[in-house]
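Asks: Sequence and predicted structure, then a few things I'm wondering about:
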Amino acid sequence: MSMPPVSGQRVDLGSGAVAWWPCHIGKDAAIGADCSIGALAHIGQRAVLGDGCRIQGSAYIADECVLGERVFVGPAAVLLNDKYPPSGDRNKWQPVRVGDGAVIGGNATLVPGSSMGRNSVLAAGAVLTSHLPDDEVWAGNPASLLMSRAAYEERRERA
């Protein structure tokens, strides 16, 4: 019996988008141009990834979640859609929405109905339970304001 390869293989998705096998891309998911999806990531059915998204390995994006352009999703981050699982009723779902240029840190969790504004940052390990406004950085459980995106960028440049 032959075993499938255990090391990642690049899979061309068209329009410059790539995925690293093994990963899952659900039925009717829309993957934008120049996206990259890491190994062991799960992209749900009818999920939308805007152009230039970077999804790291082991990330989970539930059915019908919507990511804008240039969104970064760190490793093992989780975007959920069912507030009372398993509801078995898609009409009760509240898929996560993420604005253009947002950053989601590794192992962060976005609960159903939460959202992130443009250029916002959710720290590694944080749990987002509400709306994270444009240009803000939040951390903690539940996540709350840590600093502005401008202050975050200043710290990144000094590091």
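Replies: That came through fine.

Asks: How about S114: what's its closest non-neighbour residue?
Replies: L128 (4.5 Å; Cβ to Cβ, 6 or more residues apart in numbering). Just so you know, the C-beta spots here come from the backbone N, C-alpha and C atoms, and that holds for glycine as well.

Asks: Could you report the distance from that neighbour to E69?
Replies: Distance from L128 to E69, counting by Cβ to Cβ, to the nearest Å: 20 Å.

Asks: now swap in A59 and tell me
Replies: For A59 relative to E69 (Cβ to Cβ), the value is 17 Å.

Asks: Compare those two and say which is more crowded by neighbours.
Replies: A59 (25 against 18; other Cβ atoms under 10 Å).

Asks: The more buried one and A39 touch, don't they?
Replies: No: contact criterion Cβ atoms under 8 Å: A59 and A39 do not qualify, at 10.3 Å.

Asks: hmm, back to that, how much space between the residue nearest to S114 and V137?
Replies: For L128, the distance to V137 - Cβ to Cβ - is 12 Å.

Asks: Give me the common contacts of these two.
Replies: L122 (Cβ atoms under 8 Å, 6 or more residues apart in numbering).

Asks: the more surrounded of these two?
Replies: L128 (27 against 24).
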